[in-house]
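**Student:** Quick one: sequence and predicted model below, then my questions.
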Amino acid sequence: MIKEVEGFIFKETPYGESSKIINIFTKEYGLIGVMCKGAKSLKSRMRSVTLRFTYAKFNIYYKEGKLSNLASADIINPLKKINSDIILISYLSYLVDLTTQVLKQSNIDTIYNDFINGVLKMEEGLDPLVLTNILELKFLDYLGVGLNLDECIECGNKTNIATIDGDKGGFICASCLTNEKVVDKKVIQLLRMYYYVKIDSISKLMIEDEIKKEINFFLDTYYDRYTGLYLKSKEFLKNLVAL
């Protein structure tokens, strides 16, 4: 029985002389493997719809826990802006690798929705660094190292927050502040906004460069110290845009 699924191709792997296996992050079933017979052939109508970073509706012969088979696909958004920009492609490569790691820990609808909405906002031209940091912050919960961005991690005070400390795992209020590095107030406000914002509702991102850099540095340091993830795509991205 053929099933239609919405999804995004994370990976394509050659199979034999003319076929390939694609890994699709689907809204309905999470990350699945799909056989695409003859898709490597120059004359195949499957060739253009089975490339990495394709966002489409796929008609598949779905087999739970096994390799499914592709019947057809219809592209939802060709992502022309992203695919014509090496920097945006590099951001997307990193987000795909990061999301793959997150899916090893959890597989719920919000991960798919956040990822797709982040990609679509990037395609619209919104700041890729900010969008990436938003996803990184949201994904921390699934990786088991989420931050407390609601109150002081020490006393529970919800007001007069002075800074955020990665080692302690969240906000620190002025009364509990000892020798922690004090960050800009805008960093505190934006981190909380990043965490709670619905990505599909974002229409513009006007954030000062220094504030963006401070947030990105904090998240980079936190990921390096607490997630155990080392992604080559992140290192490539860092070198490319000198984050």
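**Tutor:** Yep, it's here.

**Student:** from here on, contacts and neighbour counts on C-alpha atoms
**Tutor:** OK.

**Student:** Mind jotting down where the helices sit in this protein?
**Tutor:** Assigned by DSSP state H, the chain shows helices spanning 80-83, 86-103, 109-123, 128-139, 185-196, 209-226, 232-241.

**Student:** what inclination does the longest strand that the chain contains have with respect to helix 86-103?
**Tutor:** With DSSP state E setting the assignment, residue counts place strand 2-15 as the longest strand in the chain. If you take axes from the mean of the first three to the mean of the last three Cα atoms, to 10 degrees, strand 2-15 sits at 110 degrees to helix 86-103.

**Student:** Mind listing the strands strand 2-15 pairs with, and their directions?
**Tutor:** Looking at strand 2-15 with DSSP bridges, its partner strands are strand 19-26 (antiparallel), strand 55-61 (antiparallel).

**Student:** Indicate which one of these is closest to residue 222.
**Tutor:** strand 19-26 (26.2 Å; Cα to Cα).

**Student:** which other residues reach that closest one?
**Tutor:** Strand 19-26 is contacted by residues 5-15, 30-41, 50, 112 when judged by Cα atoms under 8 Å, 6 or more residues apart in numbering.

**Student:** Buried ones in the one helix or strand in the chain whose mean pLDDT sits lowest, by neighbour count?
**Tutor:** In the chain, the helix or strand scored least confidently by mean pLDDT, DSSP states H and E is helix 232-241, which has a mean of 92. With burial defined by 16 or more other Cα atoms under 10 Å, the residues of helix 232-241 counted as buried are 233, 234, 237.

**Student:** How about stretch 146-161?
**Tutor:** Buried, per 16+ other Cα under 10 Å, within stretch 146-161: 147, 148, 149, 151, 152, 153, 157, 161.

**Student:** Wait, the fourth one touches residue 157, no?
**Tutor:** Yes. Using Cα atoms under 8 Å, residue 151 makes contact with residue 157 at a distance of 5.4 Å.

**Student:** The residue lying farthest from the centre of the chain and residue 167, how far apart?
**Tutor:** Ranked by distance from the centre of the chain (Cα atoms, centre = their mean), the top residue is residue 175, with 35.5 Å. Separation of residue 175 from residue 167 (Cα to Cα, to the nearest Å): 18 Å.

**Student:** go on, residue 54?
**Tutor:** Here residue 54 is placed at a distance of 39 Å from residue 167 (Cα to Cα).

**Student:** Show me which of those two is the more surrounded one.
**Tutor:** Each of residue 54 and residue 167 had its neighbours counted (other Cα atoms under 10 Å), and the higher figure belongs to residue 54 (22 against 10).

**Student:** how close does the residue most central in space within the chain get to residue 78?
**Tutor:** A centroid search over the chain (Cα atoms, centre = their mean) returns residue 95, at 4.0 Å, as the residue closest to the centre. The gap separating residue 95 from residue 78 is 18 Å, by Cα to Cα.

**Student:** what does residue 219 give?
**Tutor:** 30 Å.

**Student:** and what of residue 127?
**Tutor:** Residue 127 is 19 Å from residue 78, where distance means Cα to Cα.

**Student:** what do you get for residue 185?
**Tutor:** Distance check for residue 185 against residue 78: by Cα to Cα, it reads 39 Å.

**Student:** Next: residue 111.
**Tutor:** Separation of residue 111 from residue 78 (Cα to Cα): 21 Å.

**Student:** These two: which has the busier surroundings?
**Tutor:** Using other Cα under 10 Å as the criterion, residue 111 and residue 78 rank with residue 111 on top: 20 against 14.

**Student:** Right, I'll call it a day here.
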